[in-house]
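A.B. asks: Mind looking at a prediction? Sequence and model below.
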Amino acid sequence: MRTIYGFVYTLRPYERGIQETLGKYNGFVMPGLGFQIPLVHITRVRDVREHTMDIHPQAVITKDNVEIMVDGIMWVRPTIDEEAIKRTFYNIDDWQRAIVQLAMTNLRQEFGDLTLDESLVARETIATNLQRVLNTYAVEWGLTVSKVEIRLIDPPDDIKKAMHKQKTAEQERRSMRLLATGEFEAAEQQKLAIIQRAEGEREAVIQVAQGKAEAIRLVNEAAEKYFVGNAQELKKLEMIENSLRENSKIVITEHGISPTLLLGSLPVSTDGEKVNKILKSIHN
């Protein structure tokens, strides 16, 4: 705040003011050139830009009775309308100190409602709640709290050591879990490969068996088609040769040779020349 006692004054674009006449409010002063009567008029000026203000470090007790050090920062500005500027002068003596003390008090309350673990992960929630509470009171002083940030949450050394050990153990458990998962996946892949290889070998065996069965079928078909008649002719030839060898009787009919084996030794029913012709025709 600055106070103007002279005859001529100037307010900058980021300033707003009030003018008093013999100690009484006389009017709202906007940026620009102004005039007043010294000793009769006084002009009081506010800077309405954002003010960066520290929330001083302090010890707070969490819900689970752990003492931690916290601090923060906030951005506060006087609201630019006439009524708000009047409040900054008439409703509070030192608005900057007042808003800082209010922030420190409510910061202790916010952390007192949370455990240590909750406090460590609730920076944004605490800041939002604190901003809301501060604005509830700051409006009576003609102020607006634009933003609040929690900068530091510092547990005691023994708590930090315990947290570090817990974090290390958690990382080790996570690493072992990842390793076990990797080994399991590798075993599953190996099992799948073995199954696929066994399936391939089974298919190969089936195909070989099917090929052999098909070959046997073809041989049987060929035998039935080509061997039966030839076997009959060969059997006839064998019978004729046996008949000749044993002097059996040979009967020649219009349908070919029909050797008949008679009891005892009988002469051949035809001469040797005819027999030779018959044998040649059989072989052919």
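C.D. replies: Sure, I can see it. On a predicted model such as this, the values are computed, not experimentally measured, just so you know. Residues are numbered from 1 along each chain as shown.
A.B. asks: and this protein, what are its domains?
C.D. replies: Here the domain parsing of the chain from automatic domain parsing is 1-47, 48-155, 236-283.
A.B. asks: and residue 214, which of those is closest to it?
C.D. replies: domain 236-283 (33.7 Å; C-beta to C-beta). Where you see a C-beta, it was placed from the backbone N, CA and C, and this is true even at glycine.
A.B. asks: For the domains of the chain, state which one has the densest average packing.
C.D. replies: Ranked by mean neighbour count, the domains of the chain are led by domain 48-155 with a mean of 17 (mean count of other C-beta atoms under 10 Å).
A.B. asks: shouldn't residue 92 be in contact with residue 137?
C.D. replies: No - with contacts counted by C-beta atoms under 8 Å, residue 92 stays clear of residue 137, the gap being 10.2 Å.
A.B. asks: which other residues reach the helix or strand that residue 136 is a member of?
C.D. replies: Element membership of residue 136, judged by DSSP states H and E, is helix 123-138. Residues from elsewhere that reach helix 123-138 (C-beta atoms under 8 Å, 6 or more residues apart in numbering): 72, 74, 76, 99, 102-103, 106-107, 110-111, 114, 119, 144-145, 147-150, 153.
A.B. asks: Sort out for me which of those are in strands.
C.D. replies: 72, 74, 76, 144-145, 147-150, 153 (DSSP state E).
A.B. asks: Tell me where the stretch 101-250 of the chain has helices.
C.D. replies: 116-120, 123-138, 157-222, 228-245 (DSSP state H, counting those that start in this stretch).
A.B. asks: can I get the ones you listed in CSV with distance to residue 81 and mean pLDDT?
C.D. replies: Putting these into CSV (distance: least, C-beta to C-beta, whole Å; pLDDT from 0 to 100) gives the following:
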stretch, distance to residue 81, mean pLDDT
helix 116-120, 37, 90
helix 123-138, 14, 95
helix 157-222, 47, 80
helix 228-245, 122, 62
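A.B. asks: so which of those gets nearest residue 15?
C.D. replies: Closest among these, once you apply C-beta to C-beta, is helix 123-138, at 19.9 Å.
A.B. asks: and the angle for the closest one with strand 143-154?
C.D. replies: 150 degrees (axes from the mean of the first three to the mean of the last three C-alpha atoms, to 10 degrees).
A.B. asks: before we move on, back to that, looking at the helices of the stretch 101-250 of the chain, which is closest to residue 37?
C.D. replies: Nearest of the helices of the stretch 101-250 of the chain (C-beta to C-beta): helix 123-138, 34.6 Å.
A.B. asks: will you turn the ones in strands among the contacts of helix 123-138 into TSV that also has distance to residue 189 and pLDDT?
C.D. replies: TSV is the format used below for those (distance: C-beta to C-beta, whole Å; pLDDT from 0 to 100):
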residue	distance to residue 189	pLDDT
72	53	95
74	57	97
76	62	97
144	63	97
145	59	97
147	53	96
148	53	97
149	50	96
150	48	95
153	46	92
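A.B. asks: Need the max-distance pair from those residues.
C.D. replies: Farthest pair in these, by C-beta to C-beta: 144 and 153, 26.1 Å.
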